[in-house]
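**Q** Quick one, structure for this:
(one chain, ligands or ions: 1)
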Amino acid sequence: MLLRLLLIPLFTMSASGTKTEDGACQRHVSDCVAAAKDQARYDHYRIYNVQFDNVEQIELFQKLEEQSDSLTFIGHAREIGQKLSILVAAHRVADFADLLQTYKLQHRVLTYNFQEKIDRNMREVLPEDVDVDKYDWQHFFHLKTINGWMEHMAAKHPDRLSVLDMGSSTQGNPIKGIKLGSNPENKAIFIESGIHAREWIAPATATYIINELLNSKDKQVQNLAKNYNWFVFPCVNPDGYKYTFEHDRMWRKNRQLFGTCRGVDLNRNYPDHWNSTGSSSDPTRYDYAGPSAGSELETKRLIDFIRNNVAKEQIKTYISLHSYSQMLMFPYGYTKEHVSNYDDLQEFGKKAAAAIKAESGRDYVSGNLYETIYPSSGGSMDWAHAEAGIPIAYTFELRGPPDSQDLFILPAVEIQPTASEAFTAIRTIVEAAAEKGYYK
Ligand SMILES: [Zn+2]
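**A** Numbers count the residues shown, from 1 in each chain. Model (predicted):
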């Protein structure tokens, strides 16, 4: 133990010291420092994209997902023709490749060394104490910086913008957001992002939208800022978000402790058909629904906020930002049964996807969540629509495409175009819904 304590300063000081006495760390110095800071590493982890052509293959992969925590499934094996990405730990690569060959699965290797993606991504983060004037959409930012930027913008635009605090998270971090606009006649739009910690593009997109609403020279955007009140909460899972910067870039859940493991998937924790499909009762799983419906402090904060404000502030639209897969989805997630305004939501979603296509050429698909991505229950959108009665509700999966080589590690150069696509989709939906009389 003493040896290890002594080694840390040695490594930070040495320019060429890539080797320890016990040979534990023989890579680059910075790697050793990262390891010393208790950071999860993904060296030589591979991303495979597999296709299921028969039931035997599907059952095999369902079993595989249950058995192994060395394989990170991005979704579950469900149907013939489905393609699924799986992050395979370095020590399982040979075994996994053998399975693919033995059971004749069509596949591609999308990425050979996932850590390289993370290393590049970490170089795109500005320091936590950076001046908020440096806030931009070419870098990623710590929780503290995002909160500081919102305070700064509110100080700059006190007549239009105020900072709100839903209360603290499990580990005592504030859940902050903004309200833009103060006309009590206006209907309101609520945007929630960062419920899944590792989806960094979501908070970056949320702050982009705040900035556009405040500063855009586009008349149409100025009208949206004037005619609606906007509530935007960029990081509704602050503990998880912090953890992805400090310890594990791939963390998804909150940081609640359950004996030997941590975390509830907050987007499976909402009290609407809780834990009925597409979630887990096992705390070790990435989609753990929690010990009971609405058990988590972060869930309670958001529910209380919406309940207290939905009528008073006339919240008529709820948007939840996620990544990745390029999808614009509406309720329900827990069943393929149609919501009462299914046709409208389908129409607005299709218009939004067409608007994105016209803007950037990117393909986004639209549909109800259950059929578009995969069945899942206890999501915030289902709750907002069914329980809080908010008629226009969407969950966006932002860039990249379903077979992304980056998974959730989107390069910073894609922040601006991705955020612009999301804002275009929101504008299109709001304008289409206004035409249909949703905001009367
Ligand atoms: Zn997500």
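**Q** Up against the ion, what does the stretch 101-250 of the chain have?
**A** Contacts of the stretch 101-250 of the chain with the ion, taken as C-beta under 5 Å from the ion, map to 196, 199. (Each C-beta comes from the backbone N, C-alpha and C, glycine too.)
**Q** Tell me where the stretch 101-250 of the chain has helices.
**A** 114-122, 143-156, 201-215, 219-227, 238-246 (DSSP state H, counting those that start in this stretch).
**Q** residues in the stretch 301-440 of the chain within reach of the ion, list them.
**A** Counting by C-beta under 5 Å from the ion, the residues of the stretch 301-440 of the chain near the ion are H322.
**Q** name the helices or strands packed onto the biggest helix by length in the chain?
**A** Identified as the longest helix of the chain according to DSSP state H is helix 415-435. For helix 415-435, the packing partners by 3 or more C-beta pairs under 8 Å, 6 or more residues apart in numbering; DSSP states H and E come out as strand 187-193, helix 201-215, helix 219-227, strand 315-323, helix 342-360, strand 392-398.
**Q** Export these as JSON lines, with columns for mean pLDDT.
**A** Shown next, in JSON lines, are these (pLDDT from 0 to 100):
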{"stretch": "strand 187-193", "mean pLDDT": "98"}
{"stretch": "helix 201-215", "mean pLDDT": "98"}
{"stretch": "helix 219-227", "mean pLDDT": "97"}
{"stretch": "strand 315-323", "mean pLDDT": "98"}
{"stretch": "helix 342-360", "mean pLDDT": "98"}
{"stretch": "strand 392-398", "mean pLDDT": "98"}
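**Q** I'd like to check the angle between the longest helix of the chain and strand 187-193, please.
**A** For helix 415-435 against strand 187-193, the angle by axes from the mean of the first three to the mean of the last three C-alpha atoms, to 10 degrees is 150 degrees.
**Q** Let's see helix 415-435 as PDB, backbone CA atoms only.
**A** The C-alpha coordinates for helix 415-435 follow below in PDB (Å, rounded to 0.1, in the frame of the first residue of the first chain):
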ATOM      1  CA  ILE A 415     -22.300  18.900 -30.700                       C
ATOM      2  CA  GLN A 416     -23.300  21.900 -32.800                       C
ATOM      3  CA  PRO A 417     -24.900  20.000 -35.700                       C
ATOM      4  CA  THR A 418     -26.600  17.500 -33.400                       C
ATOM      5  CA  ALA A 419     -28.000  20.200 -31.100                       C
ATOM      6  CA  SER A 420     -29.200  22.100 -34.100                       C
ATOM      7  CA  GLU A 421     -31.100  19.000 -35.400                       C
ATOM      8  CA  ALA A 422     -32.700  18.600 -32.000                       C
ATOM      9  CA  PHE A 423     -33.800  22.200 -31.800                       C
ATOM     10  CA  THR A 424     -35.100  22.000 -35.400                       C
ATOM     11  CA  ALA A 425     -37.200  19.000 -34.400                       C
ATOM     12  CA  ILE A 426     -38.600  20.800 -31.300                       C
ATOM     13  CA  ARG A 427     -39.400  23.900 -33.300                       C
ATOM     14  CA  THR A 428     -41.200  21.700 -35.900                       C
ATOM     15  CA  ILE A 429     -43.200  19.800 -33.300                       C
ATOM     16  CA  VAL A 430     -44.200  23.000 -31.400                       C
ATOM     17  CA  GLU A 431     -45.300  24.800 -34.600                       C
ATOM     18  CA  ALA A 432     -47.200  21.700 -35.900                       C
ATOM     19  CA  ALA A 433     -48.900  21.300 -32.500                       C
ATOM     20  CA  ALA A 434     -49.800  25.000 -32.400                       C
ATOM     21  CA  GLU A 435     -51.500  24.600 -35.800                       C
END
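**Q** and the helices of the stretch 101-250 of the chain as JSON lines, adding distance to P411 and mean neighbour count?
**A** Below are the helices of the stretch 101-250 of the chain laid out as JSON lines (distance: least, C-beta to C-beta, whole Å; neighbours: other C-beta atoms under 10 Å):
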{"stretch": "helix 114-122", "distance to P411": "7", "mean neighbour count": "19"}
{"stretch": "helix 143-156", "distance to P411": "19", "mean neighbour count": "19"}
{"stretch": "helix 201-215", "distance to P411": "10", "mean neighbour count": "23"}
{"stretch": "helix 219-227", "distance to P411": "26", "mean neighbour count": "14"}
{"stretch": "helix 238-246", "distance to P411": "16", "mean neighbour count": "24"}
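**Q** out of these, nearest to E298?
**A** In terms of C-beta to C-beta, the element of these nearest to E298 is helix 238-246, at 7.9 Å.
**Q** How far does the closest one sit from its chain's centre?
**A** Centroid separation for helix 238-246 versus its chain: 12 Å, with C-alpha atoms, centre = their mean, to the nearest Å.
**Q** Quick check: mean pLDDT of it?
**A** For helix 238-246, mean pLDDT rounds to 98.
**Q** what packs against that helix?
**A** Helix 238-246 packs on helix 143-156, going by 3+ C-beta pairs under 8 Å, 6+ apart.
**Q** swap the cut-off to 10 Å and go again
**A** Judged by 3 or more C-beta pairs under 10 Å, 6 or more residues apart in numbering; DSSP states H and E, helix 238-246 is in contact with helix 143-156, strand 174-180, helix 201-215, strand 261-262, helix 297-309.
**Q** Tell me which residues are up against the shortest one.
**A** Contacts with strand 261-262, where a contact means C-beta atoms under 10 Å, 6 or more residues apart in numbering, come from 69, 170, 239-240, 243, 251, 253-256, 282-285, 288.
**Q** Okay, now the sheet partners of the host helix or strand of G367, with direction.
**A** Under the criterion of DSSP states H and E, G367 resides in strand 365-368. Sheet pairing for strand 365-368, assigned by DSSP bridges, gives strand 327-330 (parallel).
**Q** quick one, what contacts the closest residue to the ion within the stretch 201-350 of the chain?
**A** Residue nearest to the ion within the stretch 201-350 of the chain: H322 (3.3 Å; C-beta to the ion). Contacts for H322 (C-beta under 10 Å, 6+ apart) come out as 192-196, 199, 201-202, 205, 267, 329, 373, 379, 381, 395-398, 408.
**Q** This completes my enquiry, with thanks.
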